[in-house]
Structures are given as structure tokens and as C-alpha cells.
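1. Coordinates for the following, if possible.
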Amino acid sequence: MKNHTPTDTMRCISLMTGTSCDGVDAVLVTFNINKETIEHRLESYHHFDMDPAYQSMARKVFERENIRDGFVLGKMLSQKYVECIHQVLLDHQITDPSQINFVCVSGHTLFHLPPHKEQNGLTIDTTDLSLIAALTNITTIGRFRQKDMAFGGHGAPLVPFAHGRLFGMNNEITLVQNMGGIGNVTLLDQDQTLLGFDTGIGNAWMDQVMKWHSNATYDDQGKIAKKGSVDKSVVDELLMHPFFQQKPPKSTGLETLGLTYLQNFQNKLTKMRHEDAMATVTYATAKTVADAYQDFILSSYNPKHVIVCGGGAFNKTFLFMLSEMLPDIQIQTSLDYDIHPQAVEALCFAYLGLFQVQGKNNVYARITGSFKDNMGGEIAHADPSGL
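-> This next block holds a predicted model:
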């Protein structure tokens, strides 16, 4: 990797794959670095649909926890990342890979077991960083959770580290709510990250119920849910999982709150009208977020805004329900800050990679519960001889 002066520019392609498996979100970002500040410029955002074969195999891996298929899936994802990187380079007419200082990838968490009592947690991500580095000849950084978990932390959520750099500079106490397959919240005071944890389910329940009732994979803008009536008795049952009462720091995944858990309610949800089932799980999802704020944040802090990002930022019914539950807090999305909601996580991982390259901590113990701040990320270097 190139040497860098105290005032320097670095360019990165960062790729994010969420638990929903719907695609890869990629950003090309330039960092301007000096001794006092780091500023970023988002050059472009790209979305690449995921191949149906990958989505099908991912569901099987989650359901069966098959080791072989997990590693095949990791290779498929790595090859998809390579295709995405080459397309970003092509779109920007970049022919020399050395113009990109590093690639950063989220990977795909296939299994996440949080720490329990005296036992360290475990996270499985089979992304092949060496394959990506070899086929792009760009140094590649990924697997950011492992070191934090070795230090006794949850290794999640990771994105709160960067949220302050994206949203906190001109805001007082603010919440950033990421809504991917799993939801997580960050509490900011200006650019300082005070707190962060997984709130629970993100879009996964809504997406799954759509699949049970139709051929669609998600409720576009929450239009189906808007037409339905909420069954609050089912909402109460859905929210009885002990995770929702657990105090931060905490993390979760689809192996805990995903399909296996939701299947306990499949009979009730599939007997409802499509609109009512969607209204019920959308309301339940919003309530997991509002309850997390009420239980763990609002007694100590008085946030003025919630900035929603991720795919859930496009669900108008979810946003309306959340605003009804939090009448004193203004609900915004990252679009209000000129950042595409699905670009936010990829941007956050770019910052994680930048701090790894600089040899600086990028995981906060106060977020993950580890016994020390640490520098997450593993590196596969580009081959100095080129492709």
C-alpha cells in the first residue's frame, strides 16, 4: 500500500451486503485527511442485485447451518464483490487499480452468537478476502467483528463508529436508526458516539410475511401495510422474545429473530388478510424500535431527531407508525442529509477500513461491550507484481 503524508487523499470502494441478501450496495468515496480532520466525498453509489442462486443458498445455510454450503456461499459472494468492483471501476473509467487505495467489504454474517457470561461470542463470515484482492489487485479489508469478539465484545453493531462523521457534526442529541434485515441504533452528541446497540428485527419480518402472502419480496413503501389493521395481541406475542428486554450492549441476528422464530407465528399471520398481516408485523417492527428507545435511551437523553437509514427508510408506513409512537421526536431519513439510505452502511464500512489502514481504533468498547477499544479488520494485500 502507498505511503501517505499527514495531509493526503485516499480513495476507497466499499461494499455492503445485508442480511436481507437482496443485493450489494457499493460506494466510491474519497477521503481528504490531515492532522486534525477527515472529510469524505461520496463520488458515487451503486446497487447490484444479488443472484437468485445466492439468495436460495443463503436461505439454506441459515436454515440448515451447513458448513460446506457456508464456504461455497462465501466464495459466491466474493466473486460477486469482484464483479461489482470491476463495474465501479468501469463506470468511472479507472483502468489502473492502484488509483484505489483499498477495498472494504462487510461480508455476510452467516451465524452470530453473542458473548454469554464468561464465554466469548462467535461470528462466522466466510468471505474470501484473498480472492477479492487477487482478482482486483486492490488491498481488501473485511472481517471487522472478530478481534472485538476476542476481547469479549459483541463485534456489533459496527456502524455507530462512523455515524457521527456522517450525521453528527451539526446536530445535538440525535439518534440514527439503521433498518436492514436487523435494526440498530446509534446515539450521537454532535460527532461523538455515546451509545449503540441492536434494537432487534429490521425489515426481515416484513419481507418474510410478504413472501408468505405473495410473490413479492418486500412491501414497497409500506403500501400493503397501510391498508391493514394491526392485531396487537399478535404484536405482543412477537415481542415476547427475551432479546427485547435485554440491556445493552447487545447484538442479535437472523438465527435468533429470523425465520425460525417467525415461523412460530406463521399460522396466525397467514390466516390473516394480507394487509392485516403486513400491518401487524410493520407495527411490531416499529414498536421494537420505539420500545428500545423508551427502555434504554429516553430516560437519560432527550434526542431531537431520529435519522432512519437502510431499506426501511423507504417504508412510509413504518416511518408513520414510528412517528406516532415517538411524537416528541422528529423522524427524518438520511435523504434529508443527501445520503442515499442504502449507501449509509457502505460509507460506514469505508470509514472502518480507513481507520484500519491508518492503524487507529475503529471499534468502541462502549458500543460492543468488549474490555477495550480496538482496531477491527483483517487485510488481504494486493500483489505487488500486479495482475
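2. Please identify the pairing partners of the strand or helix carrying residue 306 and their relative orientation?
-> Here residue 306, judged by DSSP states H and E, is contained in strand 305-309. Each strand paired with strand 305-309, and its direction, by DSSP bridges: strand 174-179 (parallel), strand 330-333 (parallel).
3. out of the ones you listed, deepest packed?
-> Highest mean neighbour count of those: strand 174-179, a mean of 28 (counted as mean count of other C-beta atoms under 10 Å). From N, CA and C alone the C-beta is placed, and that goes for glycine too.
4. so how far is that strand from its chain's centroid?
-> Mean-position distance between strand 174-179 and its chain equals 11 Å (C-alpha atoms, centre = their mean, to the nearest Å).
5. next one: stretch 364-379
-> Distance, stretch centre to chain centre, for stretch 364-379: 17 Å (C-alpha atoms, centre = their mean).
6. Show me which parts of the worst-scoring helix or strand of the chain on mean pLDDT are buried, residue by residue.
-> Ranking every helix and strand in the chain by mean pLDDT, DSSP states H and E puts helix 52-64 at the bottom, with a mean of 84. Across helix 52-64, burial judged by 16 or more other C-beta atoms under 10 Å covers 54-55, 57-58, 61-62.
7. Can you tell me which of those residues is closest to residue 233?
-> Of all the buried residues of helix 52-64, residue 233 sits closest to residue 62, with 28.2 Å by C-beta to C-beta.
8. For residue 96, see how far away that closest one is.
-> 39 Å (C-beta to C-beta, to the nearest Å).
9. now the strands: where do they sit in the chain?
-> Using DSSP state E, the strands assigned to the chain run over residues 8-17, 23-33, 38-49, 102-105, 111-113, 122-124, 140-142, 174-179, 182-189, 192-201, 305-309, 330-333, 378-380.
10. Report the buried residues of the third one.
-> Within strand 38-49, the residues that qualify as buried are 40, 42, 45-46, 48, counting by 16+ other C-beta under 10 Å.
11. Quick one: the residues you listed as TSV, columns for distance to residue 322 and pLDDT too.
-> Listed next are the buried residues of strand 38-49 as TSV, based on distance: C-beta to C-beta, whole Å; pLDDT from 0 to 100:
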residue	distance to residue 322	pLDDT
40	28	95
42	26	97
45	24	98
46	28	97
48	29	97
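12. Show me the contact partners of stretch 186-198.
-> 156-157, 159-161, 163-165, 167-169, 171-176, 178, 182-185, 248-252, 292, 296-297, 301, 303, 364, 366-367 (C-beta atoms under 8 Å, 6 or more residues apart in numbering).
13. Whichever of these end up buried, select them in ChimeraX.
-> In ChimeraX, a selection of the buried entries from the contacts of stretch 186-198 looks like this (16+ other C-beta under 10 Å):
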select :156,157,159,160,161,163,164,165,167,168,171,173,174,175,176,178,182,183,184,185,248,249,250,251,252,292,296,297,303,364,367
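14. residue ranges with poor pLDDT in this structure?
-> 1-7, 169-171, 387 (pLDDT under 70).
15. now with 50?
-> In the predicted model of the chain, residues 3-6 satisfy pLDDT under 50.
16. longest helix anywhere in it?
-> Counting by DSSP state H, the longest helix found in the chain is helix 67-91.
17. ok, residues contacting it?
-> Under C-beta under 8 Å, 6+ apart, the answer for helix 67-91 is 13, 15, 17, 24, 26, 28, 44, 46, 48, 50-51, 53-54, 57-58, 60-61, 95, 97, 100, 103, 105, 107-108, 110, 124-129, 131-132, 135-136, 138.
18. Any of those buried? List them.
-> Neighbour-count burial (16+ other C-beta under 10 Å) applied to these gives 13, 15, 17, 24, 26, 28, 46, 48, 50-51, 54, 57-58, 61, 97, 100, 103, 105, 107-108, 110, 124-129, 131-132, 135-136, 138.
19. can you put the strands paired with strand 305-309 in JSON lines and add distance to residue 318?
-> What follows is those, written out as JSON lines (distance: least, C-beta to C-beta, whole Å):
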{"stretch": "strand 174-179", "distance to residue 318": "8"}
{"stretch": "strand 330-333", "distance to residue 318": "10"}
